[in-house]
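A.B. asks: What follows is a predicted structure for the sequence shown.
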Amino acid sequence: IETHDAKRRDLEQQARMLKELGYDGAGHNGLDQVKERLSTLDQVGLRLFQIYVAIDVGPDRQAYDPRLIECFSLLKGRGTQVALTLRGLPPGDPSGDPRAVSILRELADAAAANQVELVLYPHTGDWVQAVEDAVRVAEKVDRPNLGVMFNLCHWLRVSRDRDFEHALRLCGPWLRAVSINGAEEYSHQPDWSEYIQPLGKGSFDVLRFLEVLREVGYSGPIGLQCYGIPGDVAEHLAASMTTWRRYQEALSARPAARPGP
């Protein structure tokens with residue numbers, strides 16, 4: 001929020017705004033001001049759902065900020081996930097698997113000691129940019145507290161098809177977090193203006209996506225991606241919440257299909 005809000009709200013103002021708009025909590029980017037974020041959310045009864053942290057799997061590089069291990073103790077018992085982007089090698093390069101698995105097992109074991117869950121965050125241009133790569137790595141790491149996140153905007157950018165049902169089923173039991181937003185189904189723009197919009201905008205059928213999430217048995221957190229949306233964030237967050245509530249009403253009116261294999 002703080003990087004794109006025309007009103008430049010501080011953490012305390014952000015927390016109050018999210019509470020007033022009806023959100024359950026927030027995410028946090030990086031390891032700066034984590035204590036302050038927790039405190040401001042605690043004051044209004046909201047939850048910190050995720051912290052986003054970059055991991056470097058390239059050879060002869062520092063894999064992660066050492067503050068990450070310290071951060072796990074701050075998150076103990078809070079139900080906060082740490083979402084990891086993995087960079088440092090060309091997208092999908094399998095030569096990075098052994099080093100990545102070693103790093104991620106080390107982090108997963110440290111996180112488990114503090115009851116913290118990790119999720120691999122596929123991000124366009126990173127070593128793990130495709131859902132398929134995230135699942136492959138998660139299977140190799142093989143730790144119960146490490147899973148995969150499905151980010152709609154990055155999947156739209158990276159995927160060559162639009163078969164999100166197949167992609168979600170591929171994630172299977174590794175799927176632990178999802179982010180959504182309004183989007184065009186296809187975009188050739190180099191920026192994110194068409195793949196990240198407020199809910200209700202764009203041609204992509206987000207309601208059907210949510211229906212498939214229910215069909216595959218997903219019941220974890222669903223976050224709102226709003227990176228780069230210009231203007232006063234209170235306005236587009238309010239619009240997205242209105243659409244979200246409409247989606248929930250529509251889903252409630254539709255019989256739930258039995259989860260498939």
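C.D. replies: Done, it's in. Residues are numbered from 1 along each chain as shown.

A.B. asks: From start to finish, how long is stretch 83-100 in a straight line?
C.D. replies: Length of stretch 83-100, first residue to last, Cα to Cα, to the nearest Å: 15 Å.

A.B. asks: for the chain, what spans make up the helices?
C.D. replies: For the chain, the helices defined by DSSP state H cover 11-21, 34-43, 67-75, 97-112, 131-141, 152-158, 164-171, 206-215, 233-253.

A.B. asks: Just want the angle from the longest one to helix 206-215.
C.D. replies: Inter-element angle recorded for helix 233-253 and helix 206-215: 60 degrees (by axes from the mean of the first three to the mean of the last three Cα atoms, to 10 degrees).

A.B. asks: What are the buried residues along helix 233-253?
C.D. replies: Within helix 233-253, the residues that count as buried by 16 or more other Cβ atoms under 10 Å are 233-234, 236-241, 243-244, 247. Every residue, glycine included, has its C-beta placed from N, CA and C.

A.B. asks: One more: the second one?
C.D. replies: Neighbour counts over helix 34-43 (16+ other Cβ under 10 Å) mark 34, 37-38, 40-41 as buried.

A.B. asks: Of those residues, which is the nearest to Leu86?
C.D. replies: Val34 (20.5 Å; Cβ to Cβ).

A.B. asks: how about the closest one, what does it touch?
C.D. replies: Contacts for Val34 (Cβ atoms under 8 Å, 6 or more residues apart in numbering) come out as 28, 51, 71, 74.

A.B. asks: List just the nearest of the residues you listed to Arg169.
C.D. replies: Ile51 (27.9 Å).

A.B. asks: and the contacts of Val34, which two are the farthest apart?
C.D. replies: The widest separation within those (Cβ to Cβ) is 11.1 Å, between His28 and Leu74.

A.B. asks: Just checking: what are the partner strands of the strand ranked longest in the chain?
C.D. replies: Criterion DSSP state E: the longest strand present in the chain is strand 47-56. Strand 47-56 sits in its sheet next to strand 25-29 (parallel), strand 81-87 (parallel), going by DSSP bridges.

A.B. asks: Pipe those into TSV and attach mean pLDDT, mean neighbour count and distance to Ser219 per row.
C.D. replies: Formatted as TSV, those follow (pLDDT from 0 to 100; neighbours: other Cβ atoms under 10 Å; distance: least, Cβ to Cβ, whole Å):
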stretch	mean pLDDT	mean neighbour count	distance to Ser219
strand 25-29	97	20	17
strand 81-87	99	23	15
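
A.B. asks: Reformat these as CSV; add distance to His166.
C.D. replies: Shown next, in CSV, are those (distance: least, Cβ to Cβ, whole Å):
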stretch, distance to His166
strand 25-29, 27
strand 81-87, 23
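
A.B. asks: thinking again about what came up before, out of the helices of the chain, the one nearest Glu184 is which?
C.D. replies: Short answer: helix 152-158, nearest of those by Cβ to Cβ, at 8.2 Å.
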